[in-house]
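Visitor: Attaching a predicted model along with its sequence, questions to come.
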Amino acid sequence: IINNGCAYVVEGDVFFDVEKSPTTMANYRDSGWKTIELAAKPGEKSWDSPWGQGRPGWHIECSAMSARYLTFKFDIHGGGIDLIFPHHENEIAQNRAACQESCVRYWMHNGHVTINNEKMSKSSGNFLTIHQITERYHPLALRHFLISAHYRSPLNYSVMQLESASDSIFYIYQTLLDCEVALSDVFQVDDGEKDRISAPAQLCFKNLQDEFYARMSYDLNTSHLLTGAFQDALKFRNSHLNMLKKKQPKNQQLVMIRSLRKIKNKVKEVLKVLGLLPRSGFSQVLQQLKDKALKRAGLVEANVLFMIEKRTTARKNKDFSMSDQIRADLSTRGIALMDVGNETFWRPCVPVCNPTAL
């Protein structure tokens with residue numbers, strides 16, 4: 001930058017010369033530009049430089065790192081929305097001053113995660129670490145929560161939103177697991193029409209694909225990707241699995257099996273792009289989600305199974321008031337009871353009242 005005439009030295013400090021910058025800097029002359037290199041002060045960490053002991057200024061650190069590891073031309077530069085000015089403006093000016101061909105194709109500035117509509121930050125003391133959150137919520141539930149807003153928009157943190165994200169991701173994985181189990185039990189004969197699927201499946205597949213491409217092409221808008229056509233695909237799976245259990249002509253059954261596989265694979269493809277497809281099987285992640293729910297509820301599974309047994313006894317004795325009370329008590333702690341035939345199962349749910357905050 002100095003060799004290109006865009007910086008000068010004053011008593012060991014290196015300053016950027018706004019007047020000679022190759023970018024338009026007229027509006028920034030009085031904006032408090034940082035020095036490129038600062039002379040060392042007593043007690044500060046410093047390094048040798050051609051101008052004596054010193055340390056790099058804030059902006060040149062990022063310019064140097066990106067140029068060193070990515071060259072002066074690369075595709076994506078990220079950062080918080082509060083860094084657009086002055087930090088990234090400084091970076092651009094310095095990079096262009098060092099190399100006229102310097103270019104970043106996309107600048108992606110993310111909104112802040114807020115608590116009570118205030119920026120979450122260490123300096124404010126109102127922050128939570130990833131470790132604190134994932135002690136109580138599955139990392140995939142946290143990811144689901146984070147992509148629920150457009151990346152440029154602020155995202156207000158709340159326990160109930162994390163509960164909702166956890167509930168949604170459980171439903172998605174349970175739906176896919178049910179589909180895989182059902183299809184694994186079906187013996188499929190090749191009828192020579194391996195690509196033929198039903199008309200409703202074709203429409204469902206097209207809607208899911210079109211909506212995914214449209215939203216992701218619009219500045220990676222993930223905020224509603226797991227609603228709309230995605231939820232329709234899950235409902236398609238549920239309705240067609242029920243139909244698969246009914247006796248029907250072999251050719252219709254084969255079409256239905258292919259349709260279910262096609263939709264299931266497309267749903268998994270969407271999840272993979274979003275980083276929501278678990279590396280382990282769905283069964284393992286579902287159990288992990290249940291374990292986290294038990295931890296938040298202050299229970300172990302034996303407690304829940306005991307309450308299920310107690311409720312079963314109450315129902316046999318026609319003590320429906322007790323039965324309803326047990327179900328209601330568990331639901332306030334994020335545990336839902338599901339009656340299927342003569343059996344009762346449990347799964348996590350959004351607590352009917354606010355859970356204890358982190």
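Guide: Perfect, I can see it now.
Visitor: wait, is C62 part of a helix?
Guide: Yes - under DSSP: H, G, I helix; E, B strand; the rest coil, C62 sits within a helix.
Visitor: Is it correct that it is in contact with E89?
Guide: No - between C62 and E89 there is no contact under C-beta atoms under 8 Å: 11.9 Å. Placement of C-beta: from N, CA and C, glycine included.
Visitor: Next secondary structure element downstream of the strand or helix carrying K268?
Guide: Using DSSP states H and E, K268 sits within helix 250-273. Going down the chain from helix 250-273, the next helix or strand is helix 282-297, by DSSP H and E.
Visitor: what angle sits between that following helix and helix 250-273?
Guide: 60 degrees (axes from the mean of the first three to the mean of the last three C-alpha atoms, to 10 degrees).
Visitor: For helix 282-297, give the mean pLDDT please.
Guide: Throughout helix 282-297, pLDDT has a mean value of 98.
Visitor: now swap in stretch 197-209 and tell me
Guide: Here the average pLDDT along stretch 197-209 is 97.
Visitor: before we move on, back to that, tell me which residues are up against the helix holding K268.
Guide: 172, 176, 179-180, 182-183, 186, 188-189, 191, 193-198, 200-201, 204-205, 208-209, 212, 216, 225, 230, 233-234, 236-237, 240-241, 243-244, 248, 277 (C-beta atoms under 8 Å, 6 or more residues apart in numbering).
Visitor: Going through these, which ones are buried?
Guide: Neighbour counting with 16 or more other C-beta atoms under 10 Å marks 172, 176, 179-180, 182, 197-198, 201, 204-205, 208, 212, 225, 230, 233-234, 236-237, 240-241, 244, 277 as buried within these.
Visitor: which helix is the longest one in the chain?
Guide: helix 159-184 (DSSP state H).
Visitor: now whatever helix or strand comes next after that helix against helix 250-273, angle please.
Guide: Remark: after helix 159-184, the chain's next helix or strand is helix 199-217, criterion DSSP H and E. Orientation of helix 199-217 against helix 250-273 (the same axes, to 10 degrees) gives an angle of 10 degrees.
Visitor: Within the helices and strands, which one has the most centrally placed residue in the chain?
Guide: Central residue of the chain (C-alpha atoms, centre = their mean): R143, 2.8 Å from the mean position. Secondary structure assignment for R143, by DSSP H and E: helix 139-146.
Visitor: Report the buried residues of that helix.
Guide: 140-142, 144-146.
Visitor: most remote residue from the protein's center?
Guide: Largest separation from the mean C-alpha position in the chain: E11, at 48.5 Å (C-alpha atoms, centre = their mean).
Visitor: Not counting sequence-adjacent ones, nearest residue to it?
Guide: Once flanking residues are discounted, E11 sits nearest to A39: 6.9 Å by C-beta to C-beta, 6 or more residues apart in numbering.
Visitor: That neighbour pairs with what?
Guide: Beta-bridge pairing of A39 under DSSP bridges involves G54.
Visitor: gap between it and D48?
Guide: 12 Å (C-beta to C-beta, to the nearest Å).
Visitor: Comparing the two, which residue is more hemmed in?
Guide: Neighbour count, other C-beta atoms under 10 Å: between A39 and D48, A39 has more, with 19 against 9.
Visitor: This completes my enquiry, with thanks.
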